[in-house]
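Enquirer: with the sequence up front, the predicted model follows.
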Amino acid sequence: MEEQTKHEAPKTAPKPPKNPEPPVSGPLAQLEAWLYDMLVHKAPFQLPKSATDWIVQYGPWIALVGGILAAIVIIPTTLTALSLTSYTTAMYGVYAASVAAFAPMLYLALVVLALQLVILFISIPMLLKRQRKGWLLVFYTNLVSLVYTLVSSFTYGFNFGTLLGGLIGAAIGFYVIFQIRSYYKS
């Protein structure tokens with residue numbers, strides 16, 4: 001008797017639908033649709049269901065802890081920056097002009113980070129309820145971070161490291177949030 005072995009093709013996850021579910025909406029619907037197409041529909045790799053389930057279940061809690069830790073850093077840093085700028089200006093006069101030239105970007109960085117944290121804290125209850133508004137807030141926060149990275153990379157001369165790191169971080173962040181997008185309904 002001949003023994004026949006059957007080789008089965010590896011089971012792959014079904015291709016994500018062309019049209020996102022839930023449908024895109026909001027002021028940046030065209031950008032959201034394009035990113036969905038690139039990061040979900042045309043992506044060569046989809047996160048496994050177990051990974052997306054884990055991210056959706058524990059992601060908001062990890063974001064909450066990270067947000068609290070970041071807030072613990074931001075508040076003293078802001079107070080220190082304010083006091084050092086004032087002290088430098090009062091004590092060193094002319095030297096303060098060179099320090100003051102970098103102060104706007106420092107303050108902008110702190111404001112952007114604080115804004116991201118506020119949006120993150122607002123989104124957590126909605127993410128836990130799997131509401132689309134919570135997902136949209138995370139999407140907008142990633143966009144704010146990307147825009148800040150682009151601005152800061154070119155502010156005081158071109159900084160390739162900042163730009164590259166920011167673009168890689170944004171790509172990973174967008175990929176992950178678009179992979180879990182379907183979990184958040186209106």
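Expert: It's in.
Enquirer: what kind of secondary structure is Ser50 in?
Expert: helix (DSSP: H, G, I helix; E, B strand; the rest coil).
Enquirer: one more: Asn19?
Expert: With three-state DSSP as the basis, Asn19 sits in coil.
Enquirer: got the phi/psi numbers for it?
Expert: Geometry field for Asn19 lists phi and psi as phi -90, psi 130, criterion degrees, to the nearest 10.
Enquirer: do Gln57 as well
Expert: Reported as degrees, to the nearest 10, the phi and psi values for Gln57 are phi -70, psi -50.
Enquirer: all helices for the chain, in order.
Expert: Remark: helices of the chain, listed N- to C-terminal, are 29-36, 49-92, 94-128, 132-154, 160-179; assignment by DSSP state H.
Enquirer: report the contact partners of the spatially most central residue of the chain.
Expert: When Cα atoms, centre = their mean is applied to the chain, the residue found nearest the centroid is Asn142 (3.3 Å). For Asn142, the contact set (Cβ atoms under 8 Å, 6 or more residues apart in numbering) comprises Ala170, Gly173, Phe174, Ile177. Quick note: C-beta positions are derived from backbone N, CA and C, even for glycine.
Enquirer: distance check, it against Thr77.
Expert: Counting by Cβ to Cβ, to the nearest Å, the gap from Asn142 to Thr77 is 22 Å.
Enquirer: Val24 too?
Expert: When distance is defined by Cβ to Cβ, Val24 is 37 Å away from Thr77.
Enquirer: residue ranges with poor pLDDT in this structure?
Expert: Along the chain, the parts satisfying pLDDT under 70 run over 1-14, 82, 84-103, 156.
Enquirer: try 90
Expert: For the chain, the stretches with pLDDT under 90 are 1-27, 63, 66-67, 69-117, 145, 147-163, 166, 185-186.
Enquirer: and the contacts of stretch 122-131?
Expert: By Cβ under 8 Å, 6+ apart, the list of residues contacting stretch 122-131 reads 56, 59-60, 63-64, 67, 133-135, 137-138, 141, 183-186.
Enquirer: buried ones in that stretch?
Expert: Ser123, Ile124, Met126, Leu127, Gln131 (16 or more other Cβ atoms under 10 Å).
Enquirer: please apply the same query to stretch 51-61.
Expert: Within stretch 51-61, the residues that count as buried by 16+ other Cβ under 10 Å are Thr52, Ile55, Val56, Gly59, Pro60.
Enquirer: okay, those residues in JSON lines with distance to Ala81 next?
Expert: Below are the buried residues of stretch 51-61 laid out as JSON lines (distance: Cβ to Cβ, whole Å):
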{"residue": "Thr52", "distance to Ala81": "39"}
{"residue": "Ile55", "distance to Ala81": "34"}
{"residue": "Val56", "distance to Ala81": "36"}
{"residue": "Gly59", "distance to Ala81": "31"}
{"residue": "Pro60", "distance to Ala81": "30"}
